[in-house]
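Visitor: what's the 3D shape of this:
(chains A and B)
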Amino acid sequence: MTFGPSTFSNLGGAASDLLAGFGASEKGALQAQGLRITASGTRIGAQSTRLSAEGLRIKAQGDLAEASNYDIAGTLAQQNEAFTAQSTRVQQMQLDRQVTQAIGGQQASVAGAGFASSGSAGDLMRDSASQGALAHGVLGQQGAITEAGFEEQATSFQTMAAAGRATAAGEMDIAGKTDTIATQQDAIATQQDQLAAQTQQAANDQASGDFISSAIKGVAAIASIGLAPFTGGASLAIGGAAASAVGDANGIGGLY
Amino acid sequence: MQERYVMPAKIDAFLAKIRARPAFVAAANSDGSWYKHLDAIERGLSFLDRKADDDPQIIEILDKIQSVVARDDLSLKERLLEVGKFFVQIRDAGRSVN
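Guide: Down below sits the predicted model:
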């Protein structure tokens, strides 16, 4: 090995490798730290996603409770419809009975007065029967209208209950998919952590390589000190040290 | 600043000999960057010592290095060049990056 231009190159190279080694290590540490922070953010995102899923499930439970209430309301509406039909029939029967009693009373009065149930008396009784039939019909119609209203309510409540259940089912489905996304986010976070570790390892490896290269250049440079006097190339670098080393047992010598 | 690593005694003694060698002292007085070279060698050796815990082959090489630096039958330069060969061996084997 000679002491010449390459020695200075080695000197500069060794320092450069050393700096590169430290730089690679620190850069890698920073990159790894950045990746770990990103992984933490991803995990927080996953937790947020899980909370969203939980929120959807709670909303679905609310929708199911609402659907149950609609079921109850629908059943009550159906019962009201049945009660109305029954009530209408009872009222019609009461009305019919009143009309019958009224006509019967008229017949008794006519007969008591010695008249025949014909002529004006007959007209009067026919009119009462007609009015009674009309009132019976009106009562029936009103009952039918009320029944139709309850039936409409029942149908509406049933529709709302079905919609609530469908919504709840959809929300549960979305919650399941949201949970899947959260799991995927956790997996990504794990990968990011692994990447951080690998980045750190790669940086450490790079730094190690730089340290070894630097050491090799250091060996080459320092070993050249001893040969320098014989090649004449050291005088520029080490001046008197090289000159006094030539064949002088009392001189400073090389590395020999 | 990096914390100074405590070297195995034989290696430390070897480096101390180089550091005290008049030729090195004269060179270093002329140009302070020679100390950086010696530091680079020291860092390389301390790196190997740290890596040895995880790598049996590096343990073997480090043992050889400790053996060669203590050999009085070789000149300081010859010992240094032997150490350099071990560094090259490690570099070429990719041990420093595995």
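
Visitor: and chain B, which residues reach chain A?
Guide: Within chain B, the positions adjacent to chain A are B:2, B:18, B:21-27, B:29-31, B:33-34, B:36-41, B:43-45, B:47, B:51, B:75-77, B:80-81, B:83-84, B:87-88, B:90-91, B:96-98 by Cβ under 8 Å from any Cβ of the partner chain. In this view, the C-beta of every residue, glycine as well, is placed from N, C-alpha and C.

Visitor: PyMOL command for the buried members of these?
Guide: If you want just the buried ones from these in PyMOL, going by 16 or more other Cβ atoms under 10 Å in any protein chain shown, the selection is:
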select buried, chain B and resi 18+21+23+24+25+26+27+30+34+36+37+38+39+40+41+43+44+45+47+51+76+77+80+81+83+84+87+88+90+91+96+97
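
Visitor: helices of the stretch 101-250 of chain A, start to end?
Guide: A:119-231, A:235-238, A:240-245 (DSSP state H, counting those that start in this stretch).

Visitor: so which of these is nearest A:Thr75?
Guide: Distance to A:Thr75, taken as Cβ to Cβ, is lowest for helix A:119-231 among the helices of the stretch 101-250 of chain A, at 7.7 Å.

Visitor: which element is B:Pro71 on?
Guide: No Pro there; residue B:71 is Arg. Under DSSP states H and E, no helix or strand contains B:Arg71.

Visitor: returning to what we had before: now, the residues of chain B next to chain A that are in strands?
Guide: With DSSP state E as the criterion, strands contain none of the residues of chain B next to chain A.

Visitor: what residue of chain B is the furthest out?
Guide: Within chain B, B:Ser30 marks the point farthest from the mean C-alpha position, 22.7 Å out by Cα atoms, centre = their mean.

Visitor: mind checking how far stretch A:111-127 is from the chain centre?
Guide: 85 Å (Cα atoms, centre = their mean, to the nearest Å).

Visitor: ignore the last one, stretch A:126-145
Guide: Counting by Cα atoms, centre = their mean, stretch A:126-145 comes out at 62 Å from the chain centroid.

Visitor: ok, now stretch A:182-195?
Guide: 17 Å.

Visitor: and for residue 67, the neighbour number?
Guide: In the absence of a named chain, this looks at chain A. 21 (other Cβ atoms under 10 Å in any protein chain shown).

Visitor: I was after chain B.
Guide: When neighbours are counted by other Cβ under 10 Å, B:Ser67 registers 11.

Visitor: residue contacts, it?
Guide: Contact analysis of B:Ser67 by Cβ atoms under 8 Å, 6 or more residues apart in numbering or on different chains lists nothing.

Visitor: element containing it, please.
Guide: Counting by DSSP H and E, B:Ser67 is found in helix B:56-69.

Visitor: pLDDT on that helix, on average?
Guide: Helix B:56-69 shows a mean pLDDT of 92 in the predicted model.

Visitor: alpha carbons only: can I get it in PDB?
Guide: Extracted C-alpha coordinates of helix B:56-69, given in PDB (Å, rounded to 0.1, in the frame of the first residue of the first chain):
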ATOM      1  CA  PRO B  56     -22.000 -16.500  15.600                       C
ATOM      2  CA  GLN B  57     -19.900 -15.900  12.500                       C
ATOM      3  CA  ILE B  58     -19.100 -12.400  13.700                       C
ATOM      4  CA  ILE B  59     -18.100 -13.900  17.100                       C
ATOM      5  CA  GLU B  60     -15.700 -16.100  15.300                       C
ATOM      6  CA  ILE B  61     -14.200 -13.200  13.300                       C
ATOM      7  CA  LEU B  62     -14.000 -11.000  16.300                       C
ATOM      8  CA  ASP B  63     -12.100 -13.800  18.100                       C
ATOM      9  CA  LYS B  64      -9.700 -13.900  15.200                       C
ATOM     10  CA  ILE B  65      -9.300 -10.200  15.300                       C
ATOM     11  CA  GLN B  66      -8.600 -10.300  19.000                       C
ATOM     12  CA  SER B  67      -6.100 -13.000  18.400                       C
ATOM     13  CA  VAL B  68      -4.300 -11.200  15.600                       C
ATOM     14  CA  VAL B  69      -4.100  -7.800  17.300                       C
END
